[in-house]
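1. below: sequence and its predicted model.
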Amino acid sequence: MAAEIVIEDLALGRALLGVSLTLARGERFAVYGSSGRVLAELLTGVREPDHGVLRIEGGAALVATEPALFDRLTCREQLTAFAALHRRPAPDLLAAVGLTECANIREDRLNPAQRRRLGLACALVTEPGLLVLDADPAGLWPLLDSLPQTVLFTTEDPAAAARADRVALLGHGRLLAVDRPETLVEALDAERRLLAPEAVGATLADVLRHLGGREAAP
């Protein structure tokens, strides 16, 4: 289930200073900057904001780089345990995350990539409207592309951010820019060529540095 997500004036100390965003249903949205993880924790209820409003249809689920799994349970048992925790029937999600052959393997015998896929399966148990990743999707992209959920991921890698439908740049706790990655690149490219027609084409990394340096200054 995809959802529209509305974030209004969300704040937490100096880490997040009144951020407002709207995510479209099914959108793949990147948050670039050191405050990205704080936003992820607020969206998933790990931390409480000082103020602000969150409207997330269907709720949000965290897909952590290091998922919190039940000790020594197999993949199938993990899903059964998560379903029982949320008072839901045990889902058959292992095929959806490419872990069918690992159904009877304990979590402590999985490699990091398999553990992250199992974490994604556990997050899907509640059928959330929003999946929140606390790091780059990396090997999860093929799986996420097949899901209807809206996806927000945090990153400090411009190349990963460039794969999103839109990217938000956070600097010093403030929202500096939000747009399609190619639109941000084209805008900086045009600005540079006005000053130096022979300038090398801009990249998203250049955009993030440019806006962060210019906009985030006190």
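-> Perfect, I can see it now.

2. average pLDDT for the longest helix along the chain?
-> Identified as the longest helix of the chain according to DSSP state H is helix 181-195. For helix 181-195, the mean pLDDT works out to 82.

3. roughly how far is that helix from the heart of the chain?
-> Mean C-alpha position of helix 181-195 versus that of the full chain (Cα atoms, centre = their mean, to the nearest Å) differs by 26 Å.

4. just give me the neighbour total for residue 144.
-> Using other Cβ atoms under 10 Å, the number of residues around residue 144 comes to 16. From N, CA and C alone the C-beta is placed, and that goes for glycine too.

5. and for residue 73?
-> Neighbours of residue 73 (other Cβ under 10 Å): 16.

6. what does the model give it for pLDDT?
-> We note a pLDDT of 96 for residue 73 in this prediction.

7. what is the neighbour count of residue 198?
-> Residues near residue 198, counting by other Cβ under 10 Å: 6.

8. isn't residue 93 right next to residue 125, touching?
-> Yes - if you go by Cβ atoms under 8 Å, residue 93 and residue 125 touch, sitting 7.2 Å apart.

9. who touches both of these two?
-> Common contacts of residue 93 and residue 125 (Cβ atoms under 8 Å, 6 or more residues apart in numbering): residue 79.

10. measure the nearest residue to residue 4 once chain neighbours are set aside to residue 193 for me?
-> Excluding its sequence neighbours, the residue lying closest to residue 4 (Cβ to Cβ, 6 or more residues apart in numbering) is residue 25, at 5.4 Å. Distance check for residue 25 against residue 193: by Cβ to Cβ, to the nearest Å, it reads 36 Å.

11. now do the SS call for residue 167.
-> Secondary structure, DSSP: H, G, I helix; E, B strand; the rest coil: residue 167 is strand.

12. what pLDDT does the model give it?
-> 95.

13. okay, and the beta partners of the residue nearest the centre of the chain?
-> Geometric centre of the chain, nearest residue: residue 153, 1.5 Å, by Cα atoms, centre = their mean. On the basis of DSSP bridges, residue 153 is bridged to residue 30, residue 133.

14. hmm, residue 137 and it touching each other?
-> Yes - look at residue 153 against residue 137 with Cβ under 8 Å: they come within range, at 5.6 Å.

15. identify the contacts common to the two.
-> residue 160.

16. contacting residues for residue 38?
-> So residue 38 contacts 12, 15-16, 47 (Cβ under 8 Å, 6+ apart).

17. name the nearest residue to it, sequence neighbours excluded.
-> residue 15 (4.4 Å).

18. neighbours of the one you found, how many?
-> 18.

19. now swap in residue 57 and tell me
-> Using other Cβ under 10 Å, residue 57 has 16 neighbouring residues.

20. I'd guessed it sits against residue 4; true?
-> Yes - counting by Cβ under 8 Å, residue 57 does reach residue 4; the two are 6.0 Å apart.

21. can you give me every residue that contacts the closest residue to residue 152 other than its chain neighbours?
-> Leaving aside its sequence neighbours, residue 152 sits nearest to residue 29 (Cβ to Cβ, 6+ apart; 4.7 Å). If you count contacts by Cβ under 8 Å, 6+ apart, residue 29 has them with 23, 150-153, 164-168.
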